[in-house]
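Engineer: no sequence on this one, just coordinates:
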């Protein structure tokens, strides 16, 4: 039997804690047997969470013989996790234990050094902060979850459920995972694959950054051809210096920032206008409808037509199908 240890820290997010416990506990093999043993563990016997106090009867030693460890999200008001928690996670990782985080639980894995040199995700609102604090992590804010093999991270709480179903499918196959999804009344795979729907905010940049003028210029010229050389020249830096400083301050590259800015412009137009996909491709600077469809799907995880159908105030015309 595969043992799953859910690590509860003070101010743990209740849904982040409950979702993995439920999905693994409800998983059944075709003969009705339960393939997972779920354990809730913590550093101390009592864990505070959102006005509640949880009684936990297993300590950090429960991580030693776990096959999978799940670290739910938590409020950061209490500061970083203790040295004991970080040491237990490092020891488990060194032993080959599979370790996954839900939402901002990625910060705990990052503090333990388990995400260095890896791709990772977290809630989109915290992605820039994760990249700022831990520059050795390749933060991907626009996916539901990232599977590096031994180490996995997920975006928001619902994405944590997607990640758990993905692990069940890896362990036991699609049929068992599909049954677990039905028990939780969720789809095995959400439309959009592994991408979050990005909200209408500018890609993150620290306040008062010396990049703000060039970023404002980019936003004003999304419909034009914007090259790395043009961005660097606008900032008065060499391309190499501009790229390095840009990544240090935003956690991403200039061209990735530009792509996401264009996607955000396209999302706004898909939601708030009746413009054709062809016109939106031009307004957002994608060059051609084909390039627009391909890049939009790669970033958002669904087609422009499907996105408009889900978020537009009224049904999209069939002629706009992408």
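Structural biologist: Now that the structure is in, tell me what you want to look at. Since this is a predicted model, take the numbers as computed values, not measurements.
Engineer: got the contact list for the strand or helix carrying residue 241?
Structural biologist: According to DSSP states H and E, residue 241 maps onto helix 239-250. Contacts with helix 239-250, where a contact means C-beta atoms under 8 Å, 6 or more residues apart in numbering, come from 128, 131, 135, 203-206, 209-211, 228-229, 231-232, 235, 237, 252-254, 257. From N, CA and C alone the C-beta is placed, and that goes for glycine too.
Engineer: do stretch 169-189 as well
Structural biologist: By C-beta under 8 Å, 6+ apart, stretch 169-189 touches 2, 22-23, 26-30, 35, 147, 161-162, 165-166, 168.
Engineer: can you give me the strands for the stretch 1-150 of the chain?
Structural biologist: 2-8, 36-42, 46-49, 52-55, 68-71, 98-101, 119-120, 138-139, 145-147 (DSSP state E, counting those that start in this stretch).
Engineer: with distance to residue 286 added, can I get those in TSV?
Structural biologist: Listed next are the strands of the stretch 1-150 of the chain as TSV, based on distance: least, C-beta to C-beta, whole Å:
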stretch	distance to residue 286
strand 2-8	43
strand 36-42	45
strand 46-49	44
strand 52-55	48
strand 68-71	38
strand 98-101	34
strand 119-120	25
strand 138-139	24
strand 145-147	26
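Engineer: could you dump the ones you listed to a markdown table with distance to residue 292, mean neighbour count and mean pLDDT?
Structural biologist: Output for the strands of the stretch 1-150 of the chain, formatted as a markdown table (distance: least, C-beta to C-beta, whole Å; neighbours: other C-beta atoms under 10 Å; pLDDT from 0 to 100):
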| stretch | distance to residue 292 | mean neighbour count | mean pLDDT |
| --- | --- | --- | --- |
| strand 2-8 | 42 | 24 | 91 |
| strand 36-42 | 43 | 19 | 91 |
| strand 46-49 | 44 | 17 | 78 |
| strand 52-55 | 47 | 10 | 80 |
| strand 68-71 | 38 | 26 | 94 |
| strand 98-101 | 33 | 26 | 95 |
| strand 119-120 | 25 | 22 | 92 |
| strand 138-139 | 25 | 20 | 90 |
| strand 145-147 | 25 | 22 | 88 |
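Engineer: give me every residue that touches the residue positioned nearest the centre of the chain.
Structural biologist: Geometric centre of the chain, nearest residue: residue 155, 3.0 Å, by C-alpha atoms, centre = their mean. Contacts for residue 155 were tallied using C-beta under 8 Å, 6+ apart; they are 103, 121, 122, 123, 124, 141, 143, 144, 145, 196.
Engineer: rewinding a little: what's the ChimeraX line that selects buried ones from the contacts of stretch 169-189?
Structural biologist: Under the burial definition 16 or more other C-beta atoms under 10 Å, those of the contacts of stretch 169-189 that qualify are selected in ChimeraX by:
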select :2,22,23,26,27,28,147,161,162,165,166,168
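Engineer: out of the contacts of stretch 169-189, what pair is the most spread apart?
Structural biologist: 30 and 147 (24.9 Å; C-beta to C-beta).
Engineer: helices along the stretch 201-322 of the chain, start to end?
Structural biologist: 212-220, 228-235, 239-250, 254-272, 277-283, 289-300, 304-311 (DSSP state H, counting those that start in this stretch).
Engineer: quick one: buried residues of the longest one?
Structural biologist: Along helix 254-272, these residues count as buried under the neighbour rule (16+ other C-beta under 10 Å): 254, 256-267, 269-270.
Engineer: which helices and strands does that helix pack with?
Structural biologist: In terms of contacts (3 or more C-beta pairs under 8 Å, 6 or more residues apart in numbering; DSSP states H and E), helix 254-272 is packed against helix 212-220, helix 228-235, helix 239-250, helix 277-283, helix 289-300, helix 304-311.
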